[in-house]
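Asks: Here is a sequence with its predicted model. Questions after.
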Amino acid sequence: MNGVDMVTVAKLLGHALVETTERYVHLSDRSVTDAADRVSNRIGAALAGRGAEHEGESEHADR
């Protein structure tokens, strides 16, 4: 939850398998919601940027 990926945590703890670490790692609902918000904001920004660049163009103009 502090921005460290699961593989790194597993190595720090000496776990050979990430699955072992997963038994001990619990994500709060808030951290999952925050991650989903960050991803959806990034996708929205990308779509808005693409839409602004190609405004007025047909999606199939090259066909």
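Replies: Perfect, thanks for sending it.
Asks: buried ones in stretch 2-10?
Replies: Using 16 or more other CB atoms under 10 Å as the burial criterion, the residues of stretch 2-10 that qualify are 9-10. C-beta coordinates here come from the backbone N, C-alpha and C atoms, glycine included.
Asks: roughly how far out does it sit from the chain middle?
Replies: The chain centre lies 14 Å from the centre of stretch 2-10; the measure is CA atoms, centre = their mean, to the nearest Å.
Asks: quick one: terminal-to-terminal distance for that stretch?
Replies: Length of stretch 2-10, first residue to last, CA to CA, to the nearest Å: 14 Å.
Asks: Give me the contacts around that stretch.
Replies: Stretch 2-10 has contacts (CB atoms under 8 Å, 6 or more residues apart in numbering) with 17-18, 20-22, 25.
Asks: what about 10 Å?
Replies: Identification of contacts with stretch 2-10 by CB atoms under 10 Å, 6 or more residues apart in numbering yields 12, 15-22, 24-25, 31.
Asks: and the one residue sitting closest to the centre of the chain, what are its phi and psi?
Replies: When CA atoms, centre = their mean is applied to the chain, the residue found nearest the centroid is residue 39 (5.0 Å). Backbone torsions of residue 39, given as degrees, to the nearest 10, read phi -70, psi -50.
Asks: Okay, now the unreliable bits of this protein?
Replies: Under the criterion pLDDT under 70, the flagged ranges of the chain are 1, 27-28, 51-63.
Asks: at 90 what do you get?
Replies: Within the chain, the segments meeting pLDDT under 90 span 1-6, 9, 13, 21-36, 48-63.
Asks: Counting neighbours, which of the contacts of stretch 2-10 comes out on top?
Replies: residue 21 (19 neighbours; other CB atoms under 10 Å).
Asks: Quick check: closest non-adjacent residue to it.
Replies: Distance criterion CB to CB, 6 or more residues apart in numbering; nearest residue to residue 21, sequence neighbours excluded, is residue 10 at 4.0 Å.
Asks: From residue 26, how far out is that neighbour?
Replies: To residue 26, residue 10 is 15 Å away according to CB to CB, to the nearest Å.
Asks: No more questions from me, cheers.
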